[in-house]
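> got a predicted structure here, sequence first:
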Amino acid sequence: KPKKVWTLSHFDIGRLLGRGKFGNVYLAREKESQFVVALKVLFKKQIGENNVEHQVRREIEIQSHLRHPHILRLYAYFHDDVRIYLILEYAPQGTLFNALQAQPQKRFSESQSAIYIKSLSSALIYLHERDIIHRDIKPENLLLGHKGVLKIADFGWSVHEPNSMRMTLCGTVDYLPPEMVQGKPHTKNVDLWSLGVLCYELLVGRAPFFSNNYDETYKKILKVDYKLPDHISKAAAHLISKLLVLNPQHRLPLDQIILHPWIVAHTQ
Ligand SMILES: COc1ccc(/C=N/Nc2[nH]nc(C)c2C(=O)Nc2cccc(NC(C)=O)c2)cc1
């Protein structure tokens, strides 16, 4: 099927959805079909200045071929002299980061958390089968579609609210696994660690190794130094303890995560 060449004139541009380091995300509607999308605008100048052209190309190449219910679609892309435009699936309920903040106790129930972890695990199985790793699964990079269906939405450029305090110049370090903190090469098992960090954060409302400065956080990560509040069930605590494991090879594999009693108990 010949590739359609898209231009900005094919779209009505709507409100700003969020800001990012390399550009902003706007609600948009394709004029002919009235199909609603999210249009992410990346500035070539910033991309050039930060030497991430190759990363942009690779991320677009990967993302445009992925088809999974829990991975945000990249439908197409186009560019002009100044910007690159990504035509992305629109997820109406916004980021999981925002949804977490909106919770009365800033945390989700065990059932809701298990549903999110199962959705993510199935997306990661799909990605790992294709040797795609390190999808940077933190709440800022996860979106909620119709009916609150979770979607991995990162391109490697986490798009964040202007006020998401956790953003540092290179993004939050809370989710880094020990091997990456030590600058060792990372394998797909980094995703298992991040899944454990996310599971903790969804249930508790803060990251397991959170502290006020990088060095403190790094120290805690390398010692796997975290505590679980009493309200966390034994089953959830068990799953987290099988993911926040120093040795990447000893982390619970994805196919066993979706069969874990805590996941099974909450997702039928
Ligand atoms: C400010 O309140 C909002 C509520 C919902 C949204 C929905 N965004 N949905 C998206 N679909 N596809 C993409 C890509 C996006 C997206 O990037 N959203 C986005 C980006 C940065 C920040 C936020 N903020 C929130 C609160 O979700 C959303 C965006 C903003």
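Nice, thanks for sending it over.
> contact partners for the nearest residue to residue 69 once chain neighbours are set aside?
Residue nearest to residue 69 in three dimensions, not counting chain neighbours: residue 149, with 6.8 Å by C-beta to C-beta, 6 or more residues apart in numbering. Where C-beta positions appear, they are placed from N, C-alpha and C, glycine not excepted. When the contact criterion is C-beta atoms under 8 Å, 6 or more residues apart in numbering, the partners of residue 149 are 69-70, 119.
> now swap in residue 23 and tell me
Contacts for residue 23 were tallied using C-beta under 8 Å, 6+ apart; they are 40-43, 46, 83.
> for this structure, what lies in contact range of the ligand?
Those residues of the chain that sit near the ligand, judged by C-beta under 6 Å from any ligand atom, are 17-18, 25, 38, 40, 88-91, 94-95, 98, 143, 153, 159, 161.
> ok, the closest residue to the ligand within the chain to residue 33 distance?
Closest residue of the chain to the ligand, C-beta to the nearest ligand atom: residue 18 (2.0 Å). From residue 18 over to residue 33 the distance is 24 Å, taken as C-beta to C-beta, to the nearest Å.
> more neighbours: the two, which one.
residue 18 (19 against 9; other C-beta atoms under 10 Å).
> okay, and the beta partners of the more buried one?
With DSSP bridges as the criterion, the beta-bridge partners of residue 18 are residue 25.
> wait, it touches residue 27, no?
No - taking contact to mean C-beta atoms under 8 Å, the distance of 10.3 Å between residue 18 and residue 27 leaves them out of contact.
> using CSV, write out every CA atom in the least confident helix or strand in the chain by mean pLDDT.
Lowest mean confidence among the helices and strands of the chain (mean pLDDT, DSSP states H and E): helix 53-65, at a mean of 85. Output in CSV follows, covering the C-alpha atoms of helix 53-65 (Å, rounded to 0.1, in the frame of the first residue of the first chain):
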residue,chain,number,x,y,z
GLU,A,53,19.0,12.0,15.4
HIS,A,54,19.9,8.3,15.2
GLN,A,55,17.9,7.5,18.3
VAL,A,56,14.9,9.4,16.8
ARG,A,57,15.1,7.4,13.6
ARG,A,58,15.6,4.0,15.5
GLU,A,59,12.7,4.8,17.9
ILE,A,60,10.4,5.8,15.1
GLU,A,61,11.4,2.7,13.0
ILE,A,62,10.7,0.4,16.0
GLN,A,63,7.5,2.1,17.2
SER,A,64,5.8,2.3,13.8
HIS,A,65,6.0,-1.5,13.4
